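K.L.:
Return atomic coordinates for the entry below.
(chains A and B)
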There are 2 protein chains.
Amino acid sequence: MSKPGAYTRTDVVETALRILDEFGLADLSMRRLAGALDVQPSALYWHVPNKQTLLGLVSDQIIDRAAEVNREDFMVDGALDWKALTLAEAGAIRNALLAFRDGAEVVSSTLALGLGAGQALARIRAGIDLVCADENLARVAAKSILFLTLGQVWHEQQRMQADSLGVVAPAVEAKPEDAGAKLDGSDGFGIQLILDGLEKKLTLKHGSR
Amino acid sequence: MSKPGAYTRTDVVETALRILDEFGLADLSMRRLAGALDVQPSALYWHVPNKQTLLGLVSDQIIDRAAEVNREDFMVDGALDWKALTLAEAGAIRNALLAFRDGAEVVSSTLALGLGAGQALARIRAGIDLVCADENLARVAAKSILFLTLGQVWHEQQRMQADSLGVVAPAVEAKPEDAGAKLDGSDGFGIQLILDGLEKKLTLKHGSR
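P.N.:
Numbering: from 1, shown residues only, chains lettered A, B, ... in the order given. Sure thing, here's the model as predicted:
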């Protein structure tokens, strides 16, 4: 195995992100990555042992770039609006996924492998944990919000890809009813329903809150 | 273009479903499909004009095979339990997606293209429409449930695929905490939260219900 050159693991991941964004996940191969870094594929393995690990690092980077959410912005009369905070955190994750081509697919596959992007779930849970002491309930609610976000962004990114290839059915391209309502979920409405449902469950559990 | 042989469009779609289930979406090509039907690829285009249309037909078949849900099973004291009905419809869609390898990916991509699987959304909406007269609210709630279902099944199918390749990180493979809670969403908990949230919104809108 070759020794590492003058490039770092960070360079490898940055280059992978550029390839992903320009060509998509299907074209992000170890061979292409080595070519872009001007090294032999074997040299690459000194930094990342395999493709799965690379995708984990890329996922972590995608999520790490999600905008920070300032808790103080969600204080209302001295109390933290945990639902608005959670919605904002999920929105930041959503925008981070949208920032890179195939972002939802990379992060979903990495989560399935247990190799990265754990920070996404942690950020969504932060607000929920403030009011929900039931570990199981908090985890499942946060996971539902994350899966909903991934499912929506996946749909949008497939749609963008199809638009760019010109293969979207005409009936879908111009649906007047869609103009008013953001059916892509970008308004976070589905997540609000989950949070309202969770709040109701907590209220039933602990009396008025 | 060749004339159609002794096989029908149904044969084409059935064969495509078999290839999908055995080899996955990445290996479902028009060329492979033609080979399995023992015809020239050009002959195939007599039945389906392109790959997108084929995937639309395959998606429709996946959703058409979802188990029927009997409304009478959800009558409680002469009233229909619309939340339980909707949960059951979503569960039937979920199982249909799981019944074919890469089912979530095929259906999500088809929905993004506007080429099929519309029945999935219609079935989820059926129960919601019984109580929600607000067209926009009903549509967005149903879409949220569908996207959550697709996001969850996508995750599970990626995980199954990774398991079969032996590339899941050890920490994920045996997580004791997962034993009790079905974190994959198969218990429909996230969907219940959405329905509870919707119910709360309807109650606020129309007074007690």
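
K.L.:
Now do the contacts for A:I145.
P.N.:
The contact partners of A:I145, by CB atoms under 8 Å, 6 or more residues apart in numbering or on different chains, come to A:T86, A:A90, A:I124, A:I191, A:I194, A:L195, B:G190. No exception for glycine: its C-beta is placed from N, CA and C like everyone else's.

K.L.:
Which residue ranges make up the domains of chain A?
P.N.:
Partitioning chain A according to automatic domain parsing yields domains covering residues A:9-49, A:63-206.

K.L.:
A:G24: which of the contacts of A:I145 is nearest?
P.N.:
Proximity of those to A:G24, judged by CB to CB, is greatest for A:A90, which lies at 24.7 Å.

K.L.:
helix or strand for that closest one, which one?
P.N.:
Using DSSP states H and E, A:A90 sits in helix A:82-98.

K.L.:
and that helix, which residues are buried?
P.N.:
For helix A:82-98, the buried set under the neighbour-count rule, 16 or more other CB atoms under 10 Å in any protein chain shown, comprises A:82-94, A:96-98.

K.L.:
related to what we said a few turns ago, now mean pLDDT and distance to B:A43 too, for the domains of chain A, in a markdown table please.
P.N.:
What follows is those, written out as a markdown table (pLDDT from 0 to 100; distance: least, CB to CB, whole Å):
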| stretch | mean pLDDT | distance to B:A43 |
| --- | --- | --- |
| domain A:9-49 | 93 | 28 |
| domain A:63-206 | 86 | 22 |
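
K.L.:
Single out the most deeply packed of the ones you listed.
P.N.:
domain A:63-206 (a mean of 19; mean count of other CB atoms under 10 Å in any protein chain shown).

K.L.:
How far off centre is the helix or strand hosting A:A120?
P.N.:
Using DSSP H and E, the secondary-structure element containing A:A120 is helix A:118-131. How far helix A:118-131 lies from its chain's middle: 13 Å, per CA atoms, centre = their mean, to the nearest Å.

K.L.:
angle of that helix against helix A:82-98?
P.N.:
Computed by axes from the mean of the first three to the mean of the last three CA atoms, to 10 degrees, the angle separating helix A:118-131 from helix A:82-98 equals 170 degrees.

K.L.:
how about helix A:118-131 as CSV, C-alpha atoms only?
P.N.:
Output of helix A:118-131 as CSV, limited to C-alpha atoms (Å, rounded to 0.1, in the frame of the first residue of the first chain):
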residue,chain,number,x,y,z
GLY,A,118,-25.6,10.5,13.8
GLN,A,119,-25.4,14.3,14.5
ALA,A,120,-28.6,14.7,12.4
LEU,A,121,-30.6,12.7,14.8
ALA,A,122,-28.9,14.3,17.8
ARG,A,123,-29.9,17.8,16.6
ILE,A,124,-33.5,16.8,16.1
ARG,A,125,-33.7,15.2,19.5
ALA,A,126,-32.2,18.2,21.3
GLY,A,127,-35.5,20.0,21.5
ILE,A,128,-37.6,16.9,22.1
ASP,A,129,-35.4,15.9,25.1
LEU,A,130,-36.2,19.1,26.8
VAL,A,131,-39.8,18.0,27.3
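
K.L.:
and the helix or strand hosting A:T10, what other elements does it pack with?
P.N.:
Assigning secondary structure by DSSP H and E places A:T10 in helix A:9-23. On a contact count with 3 or more CB pairs under 8 Å, 6 or more residues apart in numbering or on different chains; DSSP states H and E, helix A:9-23 meets helix A:30-37, helix A:51-64.
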